[in-house]
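**Student:** coordinates only, sequence not included:
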């Protein structure tokens, strides 16, 4: 038995996605076109990427796949990027984050211990990783981008919600 189950992974992903939704809600819509630097995604583009990107893992890591040899990573990514580029309002992006997040969490929760322990052959045809390790990258990828969102919030003069909550707890103790 794997001590970290699919239910644990799904619950953890829901927490991460919930925090991403909270960040998206905290940024005013008039800042959704903000780019922190030239040649970077706008807030809206970054949120769309976060919402849609787990679909790449779904395509790569279904329970019947045991190898990534021959997987068309760039073709799949190209299709996702086209959908990511569709213009959306703040409300549409928040809804997309929520619906795609729940869909991903349900998908993660459906794996059994045996599937999580399976080794997936990597594109090089030689090395392997467990399905669990590769599925955890879904959450890690989102956390990476949420760090970017938090920096963007600071650039916009917004204190991220986790920091606000910590400040409130500290003030209550004082």
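**Tutor:** Here it is on my side, so go on. Treat the numbers as computed from the prediction; the structure is a model and nothing was measured.
**Student:** ok, which stretches of the chain are strands?
**Tutor:** For the chain, the strands defined by DSSP state E cover 119-121, 128-130.
**Student:** how far does the first one sit from the chain's center?
**Tutor:** This points to strand 119-121. Taking CA atoms, centre = their mean, to the nearest Å, one finds strand 119-121 lying 22 Å from the centre of the chain it belongs to.
**Student:** ditto for stretch 126-144
**Tutor:** 12 Å.
**Student:** mind checking pLDDT for the residue most central in space within the chain?
**Tutor:** For the chain, the residue nearest the mean C-alpha position is residue 142 (3.2 Å; CA atoms, centre = their mean). In this prediction, residue 142 carries a pLDDT score of 97.
**Student:** Kindly report the same for residue 107.
**Tutor:** 96.
**Student:** cool, the one 4 residues further on as well?
**Tutor:** Residue 111 carries a pLDDT score of 94 in this model.
**Student:** since we're on it, how many residues are nearby?
**Tutor:** 23 (other CB atoms under 10 Å). Every C-beta, even on glycine, is put in place using the N, C-alpha and C of the backbone.
**Student:** With residue 117 instead?
**Tutor:** 13.
**Student:** Quick check, it in contact with residue 132.
**Tutor:** Yes - between residue 117 and residue 132 there is a contact under CB atoms under 8 Å: 7.0 Å.
**Student:** Can I get the strands of the chain in TSV including distance to residue 104 and mean neighbour count?
**Tutor:** Shown next, in TSV, are the strands of the chain (distance: least, CB to CB, whole Å; neighbours: other CB atoms under 10 Å):
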stretch	distance to residue 104	mean neighbour count
strand 119-121	18	16
strand 128-130	19	16
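**Student:** Flag the shaky bits of the protein, pLDDT-wise.
**Tutor:** 1-2 (pLDDT under 70).
**Student:** got the contact list for the closest residue to residue 50 other than its chain neighbours?
**Tutor:** Nearest residue to residue 50, sequence neighbours excluded (CB to CB, 6 or more residues apart in numbering): residue 145, at 5.1 Å. By CB atoms under 8 Å, 6 or more residues apart in numbering, the contact list for residue 145 reads 20, 46, 49, 50.
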